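Asks: pasting the sequence and the predicted coordinates here, then a few questions.
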Amino acid sequence: MALPEIHVVAGRTATATALGPVAQAMRLAGLLVPVLVVAGADPGAVGTAFADLDLVADLTLPAGPAAALLARFDRMWANRAPTAVLVAGSDPAGLSAALAAAWRGIPVAHLGAGVRSDSAVDGDEADARLITQVARVHLVAHPVDAMNLLDEGVPAGDLMISGDDTLAPRRAAQAVASVAGLAPRPAPMPVTVPPAAVRFGG
Amino acid sequence: MDAIDFYTDSWIRDDRDGVRQVLAPDVDVEWNLDAPVDDEELVQTLHRVAVFADSVTVVAKAGRADGAALIYDLVAPFGTARVAEFLTVEDGRITHIRQVYDVVAIDRYFPGLYLN
């Protein structure tokens, strides 16, 4: 039986750099097939970012306006629906993918969720907040990112502090597998508070 | 003009009767705002957006035979809030609406939009 596909969507080089190690961890675990989907204004650069990690993009959506991406993802998934979709950060292509997936009832996992600058003019952050609203699982690097999401009403059970250490991609991959019902939810990374942070009056 | 275009055109122009006309009598409405919603609350909320916003723009749309997904930018005097909307159509009437708001931006730029 074929393994379930997870579509890993990158529209920017930074997104590809963040998602690549998680895709590699998925492959190593052997539970899922990560399908690398390149979209956005400069697919060539995103493909190169994957190639720098010894990964090859599996699907490339034609470059075009962001407004067209929502329909393109929907058409693609009409014929080839993945078990889940993984997006990252505040990538506009990730927003289109997340919304198209949510419309089809495909679970969305969001890597690098909860990063907030609270800037009133940050359009990228607005995209990230909207991804938050449709994601099934939120993979955050730091506890403060989790706090941001809790403040926005995200249920605590949907959060996973995957950390930013060398094991973070494995934790994220397992969390994605759990969304697909193929693995138990990984134990959250232990949070240690530096002694200086709890010192009073000092 | 199909039901989706009629609906979006109506609410953006603050035509509440037009919106009511295209909603099925048993339309199912859900949203992520911290308030209960039914068809009339939806109509009133869209009315408040339409009158308060400087502009409302459909920035992306994906259509199918039985519905559409849309992304709107709601431009208010001090900033923009983004909303996604998923619509299902049957027999020319909208039977299901799911609205997904950027709740942080809505609370910031559209204060008092909904009562909770």
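Replies: Looks like it came in fine. Source: prediction; values computed, not measured. Numbering: from 1, shown residues only, chains lettered A, B, ... in the order given.
Asks: ok, the residue of chain A found nearest chain B - contacts?
Replies: At 3.9 Å from chain B, A:A71 is the closest residue in chain A, using C-beta to the nearest C-beta. Heads up, the C-betas are built off the backbone N, CA and C, glycines and all. Shown in contact with A:A71 (C-beta atoms under 8 Å, 6 or more residues apart in numbering or on different chains): B:60-63.
Asks: now, among these, which is nearest to A:L95?
Replies: For the contacts of A:A71, the minimum distance to A:L95 (C-beta to C-beta) is 9.2 Å, reached by B:A60.
Asks: assign that closest one to helix, strand or coil.
Replies: Secondary structure state of B:A60, per DSSP: H, G, I helix; E, B strand; the rest coil, is strand.
Asks: count of neighbours near it?
Replies: Neighbours of B:A60 under the rule other C-beta atoms under 10 Å in any protein chain shown: 22.
Asks: wait, it sits on A:A67?
Replies: Yes. With contact defined as C-beta atoms under 8 Å, B:A60 counts as touching A:A67 (4.4 Å).
Asks: for chain A, what is the nearest residue in chain B?
Replies: Of the residues in chain B, the one nearest chain A is B:A62, at a distance of 3.9 Å by C-beta to the nearest C-beta.
Asks: ok, back up a step: got the contacts of A:A71 as CSV, with pLDDT columns?
Replies: Shown next, in CSV, are those (pLDDT from 0 to 100):
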residue, pLDDT
B:A60, 95
B:K61, 95
B:A62, 95
B:G63, 93
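Asks: rewinding a little: and the residue of chain A closest to chain B, how far from B:A24?
Replies: Taking C-beta to C-beta, to the nearest Å as the measure, A:A71 falls 25 Å from B:A24.
Asks: doesn't A:T166 fall inside a strand?
Replies: No. According to three-state DSSP, A:T166 belongs to no strand; its state is coil.
Asks: residues in contact with it?
Replies: Counting by C-beta under 8 Å, 6+ apart, A:T166 has no contacts.
Asks: quick check: pLDDT value at it.
Replies: At A:T166, the pLDDT value in this model is 90.
Asks: ok, A:V37 next?
Replies: Here the pLDDT value assigned to A:V37 is 98.
Asks: partner strands of whatever helix or strand it lives in, with direction?
Replies: Using DSSP states H and E, A:V37 falls within strand A:33-38. In the sheet, strand A:33-38 lines up against strand A:5-10 (parallel), strand A:59-60 (parallel) (DSSP bridges).
Asks: next SSE downstream of the first one?
Replies: If I follow you right, that is strand A:5-10. Heading C-terminal from strand A:5-10, the first helix or strand you meet, by DSSP H and E, is helix A:13-29.
Asks: what residues of that next one count as buried?
Replies: A:13-26 (16 or more other C-beta atoms under 10 Å in any protein chain shown).
Asks: related to what we said a few turns ago, what's the following helix or strand after the strand holding A:V37?
Replies: By DSSP H and E, the next helix or strand past strand A:33-38 is helix A:43-51.
Asks: tell me which parts of chain A are close to chain B?
Replies: Contact residues, chain A versus chain B (C-beta under 8 Å from any C-beta of the partner chain): A:66-71, A:73-75, A:96, A:99-100, A:102-103, A:120-121, A:123, A:126-127, A:129-130, A:133-134, A:152-153.
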